[in-house]
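> Sequence first, predicted coordinates after that:
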Amino acid sequence: MNVYRRPETVVIHADGPLQATTSVAPPIFQTSTFKANTAAEYLRIATQSRNDRFYTRYGNPNHTQAAAVIAQLEGAEDALILPSGMAALSAAIMSFCRHGDHVIAQQHTYAGTHKVLEDVLAPLGVTYTFVDQTEVDEFRQAFRKRTRIVLVETPSNPLLKITDLRAVAAIARERGVVTVADNTFATPINQRPLEFGIDIAMHSATKYLGGHSDVSAGALAGRSELIERIWPFCVKLGFATNAFDSWLLLRGLRTLVLRVERQNHNAQAIAAFLASRPEVAAVHYPGLRNHPSHALAASQMRGFGGIVSFELLGDGERVEPFIAGLSLITRATSLGGVESTLVHQSAMWRSLMSDDQLRAAGISPTLIRLSTGIEHIDDLLDDLNRALQTRGEARLTPTNVRLDDSRAQKAGQ
């Protein structure tokens with residue numbers, strides 16, 4: 001009997017039926033291979049799709065447990081664990097595309113997605129079209145006879161633009177084209193793309209799902225038939241996750257709901273604070289009422305996420321003094337951990353994108369992407385306040401900053 005479980009319960013109990021021992025904390029199956037006692041048993045485990053007790057490149061009990069939790073969180077039939085978010089992206093695209101096929105993707109998206117399309121798939125004869133994700137008609141007009149997959153990412157990295165998941169899914173479904181939504185920034189706690197008709201939800205599980213900056217992993221969740229189609233590709237190209245990383249991922253998933261609720265709350269408060277400062281030229285956060293897609297975000301998200309992007313007033317020379325003035329918030333790549341981190345976006349992506357591409361993507365020289373952790377909000381606001389006071393401006397009291405959206409305010413309480 002299928003019983004609906006809420007996310008707080010899913011992260012603790014979804015993998016319970018898969019437990020092979022009586023230990024409360026799942027053991028790590030730190031083995032590359034598993035023995036068979038008979039020829040018949042060996043034949044069974046060697047030929048059964050995704051058997052998790054044959055050879056760890058094919059599957060492992062730790063992979064199966066983490067996948068079970070992610071599948072239930074996303075409302076999917078099945079899920080697959082991969083060694084990184086980039087492996088998940090590559091597997092999703094290359095499982096459905098061949099020479100001469102076509103991909104539709106967003107102009108505003110993770111730089112790694114651009115590089116996979118431009119540097120890996122294009123030489124293999126797969127073409128692509130980038131569209132403005134905020135214009136649904138651009139998706140419709142981009143379809144070709146051999147379009148095989150539509151890639152969306154919402155909120156997008158790093159400008160937090162919002163894609164209308166329901167509209168894009170409907171357009172693709174009419175044409176029999178697979179849709180993949182990168183749900184890394186939102187997490188399944190804030191957004192479940194499959195509820196809006198998307199076929200596959202994708203994650204860099206290195207980020208929020210792991211949540212402690214100590215694991216590299218990726219995940220895909222969707223209908224069983226789609227996951228079964230992707231799995232052989234992963235086996236053949238060696239997209240194998242080790243057991244310890246899957247175990248760390250499962251451990252991180254246990255606290256996902258609690259972490260995301262706090263990160264939502266912190267990000268909303270930080271976005272409101274930054275929007276009030278004269279040193280800040282722009283704040284990009286869908287939880288702010290003046291965000292151009294605030295209403296759309298509110299219609300498909302339960303919370304607005306833990307990422308805030310903002311642009312300092314002035315030129316790029318303003319960024320380094322600001323970052324040097326921080327003591328709690330750390331400069332580090334990646335995001336979604338329990339600790340707050342930030343990056344100077346154009347500096348980080350300069351090795352992946354040309355100046356023209358950065359400008360086309362709307363990444364200004366002063367754009368900073370901040371990933372909020374689970375620290376106390378007053379301490380984070382104090383840290384930002386000190387770093388912004390480079391010209392002796394009057395000190396604001398962070399604890400008195402009013403949050404812009406009552407929905408997000410309640411999410412952290």
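Perfect, I can see it now. Since we're looking at a predicted model, the values are computed, not measured. Residues are numbered from 1 along each chain as shown.
> Please count neighbours and contacts with C-alpha atoms only from this point.
OK.
> what's the span of stretch 288-304, first residue to last?
Taking CA to CA, to the nearest Å, the first and last residues of stretch 288-304 lie 9 Å apart.
> Burial check on residue 290, number of neighbours?
A count of nearby residues for residue 290, using other CA atoms under 10 Å, gives 13.
> Against residue 376, how distant is it?
26 Å.
> pretty sure residue 288 is touching residue 295, no?
No. Look at residue 288 against residue 295 with CA atoms under 8 Å: they stay out of range, at 9.9 Å.
> which of the two has more neighbours?
More neighbours surround residue 288 than the other of residue 288 and residue 295, with 22 against 16 (other CA under 10 Å).
> For that one, what is the enclosing helix or strand?
When elements are assigned from DSSP states H and E, residue 288 belongs to no helix and no strand.
> Residue 89 too?
Residue 89 belongs to helix 85-94, assigned by DSSP H and E.
> next SSE after that helix?
Downstream of helix 85-94 (by DSSP H and E), the next one is strand 102-106.
> So for the helix or strand just after that next one, what gets flagged as buried?
Using DSSP H and E, the helix or strand that follows strand 102-106 towards the C-terminus is helix 111-115. By 16 or more other CA atoms under 10 Å, the buried positions in helix 111-115 come out as 111, 113-114.
> Looking at those residues, spot the one nearest residue 81.
residue 113 (18.8 Å; CA to CA).
> mind checking how far the closest one is from residue 258?
For residue 113, the distance to residue 258 - CA to CA - is 29 Å.
> With residue 323 instead?
28 Å.
> quick one, strands of the stretch 1-150 of the chain?
78-82, 102-106, 127-131, 147-153 (DSSP state E, counting those that start in this stretch).
> roughly how far out does the longest one sit from the chain middle?
Just to be clear, that refers to strand 147-153. Chain-centre distance of strand 147-153: 16 Å, with CA atoms, centre = their mean, to the nearest Å.
> Excluding its own residues, what touches the helix or strand just after it? List them.
Remark: after strand 147-153, the chain's next helix or strand is helix 165-174, criterion DSSP H and E. With contact meaning CA atoms under 8 Å, 6 or more residues apart in numbering, helix 165-174 is reached by 136, 139-140, 150, 178-179, 193, 196-199.
> count of neighbours near the closest residue to residue 90 other than its chain neighbours?
Once flanking residues are discounted, residue 90 sits nearest to residue 116: 7.3 Å by CA to CA, 6 or more residues apart in numbering. Neighbourhood size, residue 116 [other CA under 10 Å]: 15.
> just the one 3 residues further on next, same as before
Here the neighbour count serves as a burial measure; for residue 119 (other CA under 10 Å) it reads 11.
> gap between residue 284 and residue 368?
Residue 284 sits at a distance of 10 Å from residue 368 (criterion: CA to CA).
> what's the overlap in contacts for the two?
309-310.
> Kindly state the pLDDT recorded for residue 403?
On pLDDT, residue 403 comes in at 43.
> Surely residue 59 and residue 53 touch.
Yes. Contact criterion CA under 8 Å: residue 59 and residue 53 qualify, at 6.8 Å.
> Tell me which of those two has more neighbours.
Using other CA under 10 Å, the more surrounded residue of residue 59 and residue 53 is residue 59, with 25 against 19.
> where's that one relative to residue 344, distance?
Taken as CA to CA, the span from residue 59 to residue 344 is 38 Å.
> same check, this time on residue 77
Taken as CA to CA, the span from residue 77 to residue 344 is 39 Å.
> Check which residues of the helix holding residue 89 are buried.
Across helix 85-94, burial judged by 16+ other CA under 10 Å covers 85-93.
> Stretch 27-35 now?
So for stretch 27-35, counting by 16+ other CA under 10 Å, buried means 27, 29, 33.
> Quick check: mean pLDDT of it?
pLDDT averaged over stretch 27-35 gives 97.
> and if you look at stretch 100-120?
Stretch 100-120 comes out at a mean pLDDT of 94.
> Only C-alpha atoms, please: export that stretch in PDB.
Provided in PDB are the C-alpha atoms of stretch 100-120 (Å, rounded to 0.1, in the frame of the first residue of the first chain):
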ATOM      1  CA  GLY A 100      22.400  14.900 -35.700                       C
ATOM      2  CA  ASP A 101      20.100  15.300 -32.700                       C
ATOM      3  CA  HIS A 102      19.200  18.600 -31.200                       C
ATOM      4  CA  VAL A 103      19.000  20.000 -27.600                       C
ATOM      5  CA  ILE A 104      17.200  23.100 -26.300                       C
ATOM      6  CA  ALA A 105      18.800  24.700 -23.300                       C
ATOM      7  CA  GLN A 106      18.600  28.000 -21.400                       C
ATOM      8  CA  GLN A 107      20.900  30.900 -22.000                       C
ATOM      9  CA  HIS A 108      21.000  31.600 -18.300                       C
ATOM     10  CA  THR A 109      22.300  28.400 -16.800                       C
ATOM     11  CA  TYR A 110      25.300  26.800 -15.100                       C
ATOM     12  CA  ALA A 111      28.500  27.400 -17.100                       C
ATOM     13  CA  GLY A 112      29.300  23.700 -17.000                       C
ATOM     14  CA  THR A 113      26.100  23.000 -19.000                       C
ATOM     15  CA  HIS A 114      27.300  25.400 -21.700                       C
ATOM     16  CA  LYS A 115      30.600  23.600 -21.900                       C
ATOM     17  CA  VAL A 116      29.100  20.200 -22.200                       C
ATOM     18  CA  LEU A 117      27.000  21.300 -25.100                       C
ATOM     19  CA  GLU A 118      29.700  23.400 -26.800                       C
ATOM     20  CA  ASP A 119      32.900  21.300 -26.100                       C
ATOM     21  CA  VAL A 120      31.600  17.700 -25.800                       C
END
